[in-house]
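Asks: I would like to see how this sequence folds:
(chains A and B)
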Amino acid sequence: MTAPLHDTAAAETALTDVAGPVKAIEGRSPGRIAWDRLKRDKVALAGGAIVLLLILAAIFAPVLTSLFGHPPDQFHPDQINPDLGVPKGAFGGMSWNYLLGVDPTFGRDVFSRVLYGARISLIVAFLSAAVSVSIGVLLGVAAGYFGGWIDAAISRVMDLLLAFPQLLFTIALVSVMPDSLLGLTGTGVRMAILIIVIGFFGWPYIGRIVRGQALSLREREFVEASKSLGAGSVHILLRELLPNLVAPVLVYTTLIIPTNILNEAALSFLGAGVKPPTPSWGQMLSDAVNIYQADPTYMVVPGLAIFITVLAFNLFGDGLRDALDPKGS
Amino acid sequence: MTIPQQTTAEGAEPLLKVSGLVKHFPITKGVLRRQVGAVKAVDGLDFEVMPGETLGVVGESGCGKSTMGRLITRLLEPTGGKIEFEGRDITHLGTSAMRPRRRDVQMIFQDPYSSLNPRHTVGTIVSAPFRLQKVETEHGTKKAVQDLLELVGLSPEHYNRYPHEFSGGQRQRIGIARALALKPKLVVADEPVSALDVSIQAQVVNLLDDLQSELGLTYVIIAHDLSVIRHVSDRIAVMYLGKIVEIADRESLYGKPMHPYTTALMSAVPVPDPKRRTQRKRILLTGDVPSPISPPSGCRFHTRCWKATEVCRTVEPPLIALTPAAGHRVACHHPENAPDQAPGETSATAATGGKSVESA
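Replies: Numbering: from 1, shown residues only, chains lettered A, B, ... in the order given. The predicted model follows:
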C-alpha cells in the first residue's frame, strides 16, 4: 500500500527539483538548540569544565598520585613534629613534595587522599543519583500518566519518604549492618549502603517533578493523536512522554548530584560513611575538627574540595536548566 | 472480516451509525471516590454519516461536540448507546480489538501546537501511523511521508524538521498529513481551524475540501464557526447541552431553520452586506447555558427559549422529521417554519430567559 498521491510523475519531478540546490535543510532539534544556548553561557561552561576535570582526576587518581604524590595510605612520620603531632612545615606541611601537605599524626599525603576521596564522593553521588532517577522517573511517570489510585498510592509514599529522618536512619542502619554482604566487604558494603540509602531517599524529589510533567503532558493532544493511531500505554510512555521528560530529568540530575555529595560527606563526617583508612572528604573533615587550632590547613583542603565540587555541579546544572528551558527561569 | 456492502433503495449503507450515544463523566467526592453526580456531556445522540459526505456539528462551548468526536473515534469509552462503523459494533472494543479499525477512523485535532510532539521530527510524526499499524509501503516509509507532505501542500524536504520550526497553519497541515497517512474512510476533525488565523483558516478549509474530493473521504467536522460549517458541510447537526436539537442538509438548515436555537445561532452570523444587515432581526439569547450536571427537564432549551410553554418544561420533544423534506429532523414542540407540535399551549407562560429582538 502506498500513500495517497495524485500523480507519481509530478511528485517525482518535484522531488528531484528540491533535491538539487536546497538539499541540506536539516531541522534544528530541541537538543541542538539547547546545546547552542549552553555554549554561550560561560559560567555554566566553567562549571562543566571543573566537573569534567574532577571526574578525570578521580578516574586517573592512581596515575596522578604516582606522578605528583605518594600512596594515600603511606605513613610519613618524618613529616610530623613528634611533640605536637602536627606537620612540621607551614600550612600543613605543603611543599613541592607534598602538594597539599600531610595529615596530622600519620603524615599521609593529603593530595593523594583528596583525589582518592573524590573517587568515593563521585561514585556514591553518581550511582545514588542513578538510583533516584530510575525509581523517580518510573514511579513519577506512572503516577502522572495513570492517575487514580496509582497516583494516590505513589504520592503518599513520596510524602512519607520526604518526611523521613534520612540521616538518623542511615546512621542506625550502618551500625547494624554486617561487615560483609553479598560478596562485598569493608568499603564496598559501606558504599553500597550509602548509594542505596541516599538514592532511595532522593527519588521522591525526581518523582514529584516527573509526575507533574507527565500530568500536564498526558493532556496534550499528541497523546490523543497517538492513541487514535492505535498506540498502547507502553508506546505512549516511552515514545511520546519520555522524550519530553529528558530535559527536566537531566537538569534535576545535575542538581541532585551535589546534594548527594554533601549527603555522603555529612554521613562520613558522622562516621556512617566508608571506614578508615579509605579516605573520604567528610571523614577528613571530621578528623580535622579535633586539631583545627593547631593545623587549620587540614580542615580547609577537604572543605574546599567539597565546596568547589558542589559549586561547579550547581553552576552547570543551573546553566543546563536555562539552556533547556529558557522560559522556566 | 465481512463488511456488508449491499446498497439499499435510497443509496449506500451509512458509514457510521450512532444510536442513543451517552457519555457521563462521574463527579467523585472524598477518599472513597463516591460518585455524587455526573457531567452529562453527551446525553443520547442518534445520527448517521453516509460515505463521502461531510457532517458538520455546531453548538456552543460545552455542548458536548468534542466529547462526541472523541466517542466516535473511541478515544473515550461511551457510557451507553451504540456506535456502528461499517455495520460493525465498535462501542466497547478494547485497545487491541480497536487497533485494526483505527486505520479507517482518524482524527484531526484542534490545537496544532499541542497535537504534534515537540521532540519528534515531522518525519517521525507523519510516519507514526505506518509504524504503529505496521503498514509496509511500496517505496519505503520515507517516500510515503514525503508524498503525504506534498499532498497537504508542504515541501518534502521538511522531513527532518521539528514542529517548532513551523507556523500554525503548517503545523495543522502536518496533523492532516498524519491523519490521512493510512487512507482512512472517516476523518473526525475537532475544530480543525479555530486555532488558526482567519486568512489561514480559508486555506486549511479548502485543503480539507480538495482532499475530500481527491481521496473520497468522509468527514465529521466539529466547529462553532457557522461560516466554516456552512462552507464545508453537506449536512449539519446542531447540538445543545449534549443533545442534537436539529439535523438537516445545509440548504434546508440555513434556509428554513426549525429549532428556535438554530434560528438564534443563524442570526448571530455576521452579514457582510450593510443593507441586508439592517433588514435582519437578531435574536439575542439571554442567560447562560444551564449546567450539564443537572440539565433542565423536558426540552433542554426551554430556559432560554422565547417560545417555551408548559409542555416544553415537562415533555422532552423527540428528534423527528416534521416536514416532507428528506432528512430534516428537529426536536421541538413549537418549531419555526413547520406546524406546531403542541397547539393550544400559550406562550404567555414564557420562559425565564426569553429573548429580545434587535433590528440593529
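
Asks: so where do the strands sit in the stretch 251-360 of chain B?
Replies: With DSSP state E, counting those that start in this stretch as the criterion, the stretch 251-360 of chain B has strands at B:282-285, B:320-321, B:329-330, B:355-358.

Asks: what's the least confident stretch among the ones you listed?
Replies: Lowest mean pLDDT within these: strand B:355-358, at a mean of 48.

Asks: Quick check: longest helix in chain A by residues?
Replies: Longest helix of chain A, by residue count under DSSP state H: helix A:110-146.

Asks: can that one be found next to chain B?
Replies: No - figure legend: helix A:110-146 not in contact with chain B (C-beta under 8 Å from any C-beta of the partner chain); closest approach 14.2 Å. C-beta: built from backbone N, CA, C; applies to glycine.

Asks: Would you mark the buried spots in that helix?
Replies: Neighbour counts over helix A:110-146 (16 or more other C-beta atoms under 10 Å in any protein chain shown) mark A:110-122, A:124-129, A:131-133, A:135-145 as buried.

Asks: Repeat that for stretch B:36-49.
Replies: Neighbour counts over stretch B:36-49 (16+ other C-beta under 10 Å) mark B:38, B:39, B:40, B:41, B:42, B:43, B:44, B:45, B:46, B:47, B:48, B:49 as buried.

Asks: when you check chain A, which of those turn up near it?
Replies: Among the buried residues of stretch B:36-49, no residue sits close to chain A (C-beta under 8 Å from any C-beta).

Asks: Show me these that map onto helices.
Replies: Here DSSP H is the test, and the buried residues of stretch B:36-49 give no hits in helices at all.

Asks: now these as JSON lines including distance to residue B:221 and pLDDT?
Replies: Converted to JSON lines, the buried residues of stretch B:36-49 look like this (distance: C-beta to C-beta, whole Å; pLDDT from 0 to 100):
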{"residue": "B:38", "distance to residue B:221": "28", "pLDDT": "87"}
{"residue": "B:39", "distance to residue B:221": "24", "pLDDT": "89"}
{"residue": "B:40", "distance to residue B:221": "24", "pLDDT": "89"}
{"residue": "B:41", "distance to residue B:221": "19", "pLDDT": "89"}
{"residue": "B:42", "distance to residue B:221": "17", "pLDDT": "90"}
{"residue": "B:43", "distance to residue B:221": "22", "pLDDT": "88"}
{"residue": "B:44", "distance to residue B:221": "22", "pLDDT": "87"}
{"residue": "B:45", "distance to residue B:221": "16", "pLDDT": "90"}
{"residue": "B:46", "distance to residue B:221": "19", "pLDDT": "90"}
{"residue": "B:47", "distance to residue B:221": "13", "pLDDT": "91"}
{"residue": "B:48", "distance to residue B:221": "16", "pLDDT": "90"}
{"residue": "B:49", "distance to residue B:221": "11", "pLDDT": "92"}
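
Asks: Looking at those, which are in strands?
Replies: The strands, defined by DSSP state E, take in B:38, B:39, B:40, B:41, B:42, B:43, B:44, B:45, B:46, B:47, B:48, B:49 from the buried residues of stretch B:36-49.

Asks: of all those residues, which comes closest to chain A?
Replies: Nearest to chain A among these, counting by C-beta to the nearest C-beta, is residue B:41 at 16.0 Å.

Asks: Would you quantify the distance from whatever residue of the stretch 201-350 of chain B ends up closest to chain A to residue B:30?
Replies: With C-beta to the nearest C-beta, the shortest gap between the stretch 201-350 of chain B and chain A falls at residue B:215, namely 5.3 Å. For residue B:215, the distance to residue B:30 (C-beta to C-beta, to the nearest Å) stands at 51 Å.

Asks: The two: which is more packed in?
Replies: Ranked by neighbour count (other C-beta atoms under 10 Å in any protein chain shown), residue B:215 and residue B:30 place residue B:215 first, with 15 against 7.

Asks: Is it correct that that one is in contact with residue B:180?
Replies: Yes - Residue B:215 is within contact range of residue B:180, at 6.9 Å (criterion: C-beta atoms under 8 Å).

Asks: now the residue nearest the centre of chain A: how far from residue A:122?
Replies: Centroid check for chain A by C-alpha atoms, centre = their mean gives residue A:257 as the closest residue, at 2.9 Å. Residue A:257 sits at a distance of 8 Å from residue A:122 (criterion: C-beta to C-beta).

Asks: Check residue B:301 too.
Replies: The gap separating residue B:301 from residue A:122 is 70 Å, by C-beta to C-beta.

Asks: Over to residue B:47?
Replies: Residue B:47 is 66 Å from residue A:122, by C-beta to C-beta.

Asks: Please apply the same query to residue A:259.
Replies: 14 Å.

Asks: try residue B:292
Replies: From residue B:292 across to residue A:122, the span is 58 Å (C-beta to C-beta).

Asks: Likewise for residue B:256?
Replies: For residue B:256, the distance to residue A:122 - C-beta to C-beta - is 79 Å.

Asks: and what of residue B:318?
Replies: Residue B:318 sits at a distance of 75 Å from residue A:122 (criterion: C-beta to C-beta).

Asks: Where do the strands of the stretch 101-250 of chain B begin and end?
Replies: Under DSSP E, counting those that start in this stretch, the stretch 101-250 of chain B gives strands at B:105-108, B:186-190, B:218-222, B:235-240, B:243-249.

Asks: Need those in CSV (columns: distance to chain A and mean pLDDT).
Replies: Conversion of those to CSV gives the following (distance: least, C-beta to the nearest C-beta, whole Å; pLDDT from 0 to 100):
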stretch, distance to chain A, mean pLDDT
strand B:105-108, 5, 91
strand B:186-190, 9, 92
strand B:218-222, 13, 93
strand B:235-240, 21, 92
strand B:243-249, 23, 91
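
Asks: Same list (these) but as CSV, adding mean neighbour count.
Replies: Below are these laid out as CSV (neighbours: other C-beta atoms under 10 Å in any protein chain shown):
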stretch, mean neighbour count
strand B:105-108, 26
strand B:186-190, 26
strand B:218-222, 25
strand B:235-240, 24
strand B:243-249, 24
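
Asks: Between the ones you listed, which one is closest to residue A:69.
Replies: strand B:105-108 (67.2 Å; C-beta to C-beta).

Asks: who touches that closest one?
Replies: A:224-225, A:228-229, B:69, B:72-75, B:85, B:172, B:175-176, B:179-180, B:182, B:184-190, B:192 (C-beta atoms under 8 Å, 6 or more residues apart in numbering or on different chains).

Asks: What's the PyMOL line that selects buried ones from the residues you listed?
Replies: Here is the PyMOL command that selects the buried residues among those (16+ other C-beta under 10 Å):
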select buried, (chain A and resi 224+225+228+229) or (chain B and resi 69+72+73+74+75+85+172+175+176+179+180+182+184+185+186+187+188+189+190+192)
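
Asks: Next one: residue A:162 from chain B, what distance?
Replies: Residue A:162 is 21 Å from chain B, where distance means C-beta to the nearest C-beta, to the nearest Å.
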